[in-house]
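1. Sequence and predicted structure below; questions after.
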Amino acid sequence: MTSAIILAGGLGTRLRSAVPDLPKPMAPVAGRPFLAYQLDYWIGQGVDRFVLSVGYRHEAISGFFGASYRSVAIEYSIEEAPLGTGGGLLLALGKLAVPQQPFLLLNGDTYFQVDLAALKELHGRKRSEWTFALFRCSEAGRYMGMEIDADARITALQSGTGRPGRLANGGVYLVNPDAARAGPWTAGDKLSLEDDLLPAAFAGGRRFYGLECAGAFIDIGVPEDYRRAPSLLAA
């Protein structure tokens with residue numbers, strides 16, 4: 001069994017001009033929700049259970065997908081108040097069917113073609129606790145920049161420091177549940193994944209590894225990228 005938690009609770013404020021009044025993962029791309037393309041890809045990679053971390057207008061997501069999609073079970077972890085990406089993750093951990101098994105963690109506004117088998121192989125071989133799928137970013141300041149050594153171990157991470165040509169966090173992770181809980185927080189706390197939870201886990205000595213991936217990548221968080229999504233996803 002491979003479970004995936006998708007962080008789909010964002011307000012999508014930067015997309016309001018293009019997609020009014022919808023959760024960001026429900027933004028339509030060639031007539032289908034962006035989230036449907038994500039689910040399709042990861043089902044193809046072997047994911048057989050999803051936990052959707054939802055908040056803003058979550059009824060639009062659950063009403064569309066229901067309890068299953070293409071015969072794959074979907075559960076919902078609902079934020080009654082905005083908890084941020086880290087808080088949403090901590091809350092969603094309680095929905096994992098196998099609490100000690102590594103799970104896939106995905107950003108709900110990012111589509112990244114990552115070979116899940118390769119990610120799992122690196123995770124197991126290095127006894128990693130957080131394994132990141134990395135890409136070469138084409139713009140400065142938008143993504144978390146990463147430094148890795150010759151052994152693929154991550155040696156530095158800093159939010160918002162990605163620069164053209166540098167390895168950056170692609171929003172796809174394989175995670176050990178215990179490592180996801182690292183830090184002085186509990187379910188229901190409000191915090192950021194990239195600015196709070198990841199730095200605390202890294203500073204606490206958790207084993208972080210990275211895999212550079214050459215697959216297609218798109219982040220629909222800003223209107224210009226959203227507008228080019230159909231050329232990638234619906235081709």
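-> Noted; the coordinates are in hand.

2. Report pLDDT for the nearest residue to Ala30 once chain neighbours are set aside.
-> Counting by C-beta to C-beta, 6 or more residues apart in numbering, Ala234 is the residue found nearest to Ala30 once chain neighbours are left out, at 3.5 Å. For every residue, glycine as well, the C-beta is placed using N, CA and C. pLDDT for Ala234: 81.

3. where does this protein have low pLDDT?
-> The chain contains residues with pLDDT under 70 at 10-20, 140-141, 159-164.

4. Looking at it, which strand is longest?
-> Determined from DSSP state E, the single longest strand within the chain is strand 167-175.

5. Name the next helix or strand following that strand along the chain.
-> helix 177-180 (DSSP states H and E).

6. contacting residues around that next one?
-> 89-90, 93, 96, 99-103, 105, 129-130, 197, 201, 206-207 (C-beta atoms under 8 Å, 6 or more residues apart in numbering).

7. please redo it, this time with the cut-off set to 7 Å
-> Among residues not part of helix 177-180, those counted as contacts by C-beta atoms under 7 Å, 6 or more residues apart in numbering are Leu89, Leu93, Leu96, Pro99, Gln100, Phe103, Glu129, Trp130, Ala201, Arg206.

8. What is the distance between it and the centre of its chain?
-> Helix 177-180 sits 15 Å away from the centroid of its parent chain (C-alpha atoms, centre = their mean, to the nearest Å).

9. CA atoms of that helix as PDB?
-> The C-alpha trace of helix 177-180 is given here as PDB (Å, rounded to 0.1, in the frame of the first residue of the first chain):
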ATOM      1  CA  PRO A 177       5.500   9.600   9.800                       C
ATOM      2  CA  ASP A 178       7.600   9.900  12.900                       C
ATOM      3  CA  ALA A 179       9.900  12.400  11.200                       C
ATOM      4  CA  ALA A 180       6.900  14.400  10.000                       C
END
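
10. Stretch 37-46: which residues count as buried?
-> With burial defined by 16 or more other C-beta atoms under 10 Å, the residues of stretch 37-46 counted as buried are Tyr37, Gln38, Leu39, Tyr41, Trp42, Ile43, Gln45.

11. List of residues touching it?
-> Outside stretch 37-46, the residues touching it (C-beta under 7 Å, 6+ apart) are 2, 4, 6, 29, 50, 69-70, 72, 106, 111, 113, 116, 233.

12. In the residues you listed, find the pair that's most separated.
-> Thr2 and Val29 (24.7 Å; C-beta to C-beta).

13. For the residue in the chain sticking out farthest from the centre, give its distance to Gly210.
-> Using C-alpha atoms, centre = their mean, the residue of the chain lying farthest from its centre is Ala150. It sits 25.2 Å away. Going from Ala150 to Gly210 by C-beta to C-beta, to the nearest Å gives 12 Å.
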